[in-house]
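S.K.: 3D, please:
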Amino acid sequence: MNIIALAANWVEQQQHVIAKTGRSLTDAEQAIAKQVGVEKPEAVFIAQVPAIERPAQAELAALCQQQGFLTDDTIGLTLGYGIYIKQGHLTTRLLSHELRHVYQYEQAGSAEAFLSRYIAQVMQYGYADAPLEIDARAHEIS
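M.R.: Numbering: from 1, shown residues only. Predicted coordinates for the structure are as follows:
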């Protein structure tokens, strides 16, 4: 199985975990989702967690380590319609950023399609300069 397929499988698993353990968006958060382009805000769930964990799968963990992705400083992570937020860090700015990633997943059509684009960008430009990250920052609401 290639790295994109492994990552997509992990995303889909985590999306289900977030849906089970998290909460749906409030009306105000759904309005933010719509403002940043999300087509199905009612499908989004948020789980606030003490830390955002790297995947346990060795190849994915190694890729994260190599790219400096999912470090102890990570405070938000979008996985399809699921969003992990590190406890104590839920703000409109962070939520709008992560919701823009939900929009990007929707536009890509699948976790695999999104991750193909996202991982390639991070590897080519670095996390901060990846076009999908630039787009998410451009849609942050203060």
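
S.K.: So the residue positioned nearest the centre of the chain versus V102, what's the distance?
M.R.: Centroid-nearest residue in the chain, with CA atoms, centre = their mean: T78, separated by 1.6 Å. Separation of T78 from V102 (CB to CB, to the nearest Å): 6 Å. For every residue, glycine as well, the C-beta is placed using N, CA and C.

S.K.: Quick check: L77 is in a strand.
M.R.: Yes - assignment of L77 by DSSP: H, G, I helix; E, B strand; the rest coil places it within a strand.

S.K.: Thought V122 was touching Q67, still the case?
M.R.: Yes - applying CB atoms under 8 Å, one finds Q67 in contact with V122, separated by 5.6 Å.

S.K.: for the residue nearest to the centre of the chain, what are its contacts?
M.R.: 98-99, 101-102, 105 (CB atoms under 8 Å, 6 or more residues apart in numbering).

S.K.: Which of the helices or strands spans the nearest residue to G82 once chain neighbours are set aside?
M.R.: Distances taken as CB to CB, 6 or more residues apart in numbering put I18 closest to G82, at 3.1 Å, once the chain neighbours are dropped. In the assignment (DSSP states H and E), I18 maps to helix 3-21.

S.K.: List the contacts of the residue nearest to G82.
M.R.: Contacts of I18 by CB under 8 Å, 6+ apart are 45-47, 79, 82-84.

S.K.: 7 Å instead, please
M.R.: Contacts were defined as CB atoms under 7 Å, 6 or more residues apart in numbering; by that measure I18 touches 45, 47, 79, 82-84.
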